[in-house]
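Asks: could you work out the structure for the sequence below:
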Amino acid sequence: MRSLGRNRCQGWIRGLGIIWLALVSASCSQPGQLLGQAPAEPPLPEAIQVAFNHRDGNRYRSPLTGQWRNGDNLEQLVIEAIATAQEEILVAVQEISLPAIATALSQARHRGVVVQVVLENTYSTPWSEQHLADLPPHGRQRLEQLQALADRNGDGLLNDSERLDGDAVALLQRAGVPLIDDTEDGSKGSGLMHHKFVVIDRRLVITGSANFTSSGMHGDAGAASSRGNVNHLLTIESPELATVFATEFTRMWGDGPGGHQDSRFGRGKDSGVVETVQVGDTRIDVLFTPHSKSDPNHGLRLIGDQLATAQRSIDMALFVFSAQGLADVLRERVEQAVEVRLLADPGFASRSFSEVLDLLGVSLPDRFCKLEAGNRPFETALQGVGSPRLARGDKLHHKFAVIDGKTVITGSFNWSPSAAHQNDETLLVIHSPELAAHFTREIDRMWRGAELGITERMRRKLERQRQRCGSGAMRGTMAP
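Replies: Residues are numbered from 1 along each chain as shown. This is a model prediction of the structure:
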């Protein structure tokens, strides 16, 4: 690992602290009645803050419904940070569809700040230029959602003003903000440009699990119960860390739009290694993907090595968990009496390649009646496995783990082979008991309403596949 030095972040109070104070003050300004002593906020490590859009300890007014709701306002956090920029803003996010964030970036450019944006190619075309008939089902659903969000007067029709002001990518283009996607290297795109980070003035990094969309932060249009996918964002004040992220951005950016196609995405980038930055007393390990399967530096190896250090507990909140090798590491830790808790997205948990099923001791053949190669369900189902109860359409979108209450694994990186070997991803390992306490509290919050074990949804799916496929045949073997 390469050490990049130690930073005491003397500008913390002056910079991020002001942003955070403004955000919390704005979010807590609603009238209310004091019903008792609120639980004390756990301390945070120097120069690091974390926000959770579903947490219980804060409230903000939803831009969708106008009603007060629990959670941190992730959109406002990003906008407040953008407003502090004086020289440069680098944005690498899979999707930006929130017009207020696009407006904040446009305003920054107008005041002379260099603004550069990298998106995933699926989301880099203005939606106002798209037509339902040209889109696949998922794209049609997304377009309908974005049109509904832009319909400010609620009449079901989009006037020119609503169409222009509601399209985030079009707003960026009209403001002259340079923007590329992962086809800028001359390819059809990488696996996914799945990063979610912003670098401001080479001093501040915002990163985590949230895309800059309404569904990623607040909820879906027309769904009053929706509160958005369950997500978090970290803000870290550190010139050294910002330099690491800016270097990754530069690899993707190349010379920018329409140049020599020297942008590098996916496996076209040089394989990175873990870089270590000291932020105050906190060590942060950073890895950008992808890597070949034979490269010992790949992300699943880093996660597995961290899980293998657990002596007491492993808590996980995961959108995707499809890496058999990590399930095998968890098996070894369980055999050493390590307590394991896993909360997984309910929609993903029952897919045939989900390792959640392994931990529950069951196998599910796919639509071809095949089992995952090397599938190894636990002989005894883990008791601490389940899914949170969420509003219809919302997803558990976190990608984090807490090890022994002192180490946090997080980033954009889903626990899957695709994240390790195809996609542009961010993977962080943050060694901080103070930060770990906040992520543990998020697990505890979801745990209170979780549905544990084999859910009714899983049971129905398992029974349908058993009737159709029997026990299934493992991939790579001949059916009997």
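
Asks: use CA for all of it now, contacts and neighbours both
Replies: Noted.

Asks: report the central residue of the protein.
Replies: residue 209 (1.6 Å; C-alpha atoms, centre = their mean).

Asks: now do the contacts for the nearest residue to that residue once chain neighbours are set aside.
Replies: Closest residue in space to residue 209, ignoring its immediate chain neighbours: residue 412 at 5.1 Å, by C-alpha to C-alpha, 6 or more residues apart in numbering. Contacts for residue 412 were tallied using C-alpha atoms under 8 Å, 6 or more residues apart in numbering; they are 194-196, 208-209, 399, 425-427.

Asks: tell me the pLDDT at residue 412?
Replies: Looking at residue 412, its pLDDT stands at 98.

Asks: what residues does stretch 86-100 touch?
Replies: By C-alpha under 8 Å, 6+ apart, stretch 86-100 touches 79, 82, 102, 112-120, 123-124, 146, 165-169, 171, 192-202, 211-214, 246, 249.

Asks: kindly report the same for stretch 134-145.
Replies: Outside stretch 134-145, the residues touching it (C-alpha under 8 Å, 6+ apart) are 127, 130, 132-133, 220-221.

Asks: swap in stretch 257-274?
Replies: Here stretch 257-274 has contacts from 1-2, 178-180, 182, 184-186, 189-193, 251-256, 285-292, 297, 421-424, using C-alpha under 8 Å, 6+ apart.

Asks: switch the cut-off to 6 Å
Replies: Applying C-alpha atoms under 6 Å, 6 or more residues apart in numbering, the contact partners of stretch 257-274 are 1, 180, 184-186, 190, 251-254, 286-287, 290-291, 297, 422-424.

Asks: can you select the buried ones among those for me in PyMOL?
Replies: Only the buried entries of the contacts of stretch 257-274 go into this PyMOL selection, using 16 or more other C-alpha atoms under 10 Å:
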select buried, resi 180+184+185+190+251+252+253+254+286+287+290+291+297+422+423+424
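
Asks: show me the contacts of stretch 257-274 that map onto strands.
Replies: Among these, DSSP state E puts 180, 286-287 in strands.

Asks: reformat those as a markdown table; add pLDDT and distance to residue 370.
Replies: Compiled in a markdown table, the ones in strands among the contacts of stretch 257-274 are given as follows (pLDDT from 0 to 100; distance: C-alpha to C-alpha, whole Å):
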| residue | pLDDT | distance to residue 370 |
| --- | --- | --- |
| 180 | 98 | 40 |
| 286 | 98 | 36 |
| 287 | 98 | 34 |
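
Asks: which one of these is nearest to residue 417?
Replies: Lowest distance from residue 417 to the ones in strands among the contacts of stretch 257-274 (C-alpha to C-alpha) belongs to residue 287, with 15.1 Å.

Asks: my guess is that closest one contacts residue 427. True?
Replies: Yes - counting by C-alpha atoms under 6 Å, residue 287 touches residue 427, with 5.2 Å between them.

Asks: where does the stretch 351-480 of the chain have low pLDDT?
Replies: Within the stretch 351-480 of the chain, the stretches with pLDDT under 70 are 472-480.

Asks: go again with 90.
Replies: 352-353, 363-375, 449, 455-459, 461-462, 464-480 (pLDDT under 90).

Asks: in it, which spans are helices?
Replies: Using DSSP state H, counting those that start in this stretch, the helices found in the stretch 351-480 of the chain span residues 355-359, 417-421, 433-447, 456-469.

Asks: can you map out the strands along the stretch 251-400 of the chain?
Replies: Per DSSP state E, counting those that start in this stretch, the stretch 251-400 of the chain carries strands over the ranges 275-279, 282-289, 313-318, 339-344, 370-371, 385-387, 399-403.

Asks: distance to residue 460 added to those, as TSV?
Replies: Output for the strands of the stretch 251-400 of the chain, formatted as TSV (distance: least, C-alpha to C-alpha, whole Å):
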stretch	distance to residue 460
strand 275-279	45
strand 282-289	37
strand 313-318	23
strand 339-344	18
strand 370-371	18
strand 385-387	16
strand 399-403	27
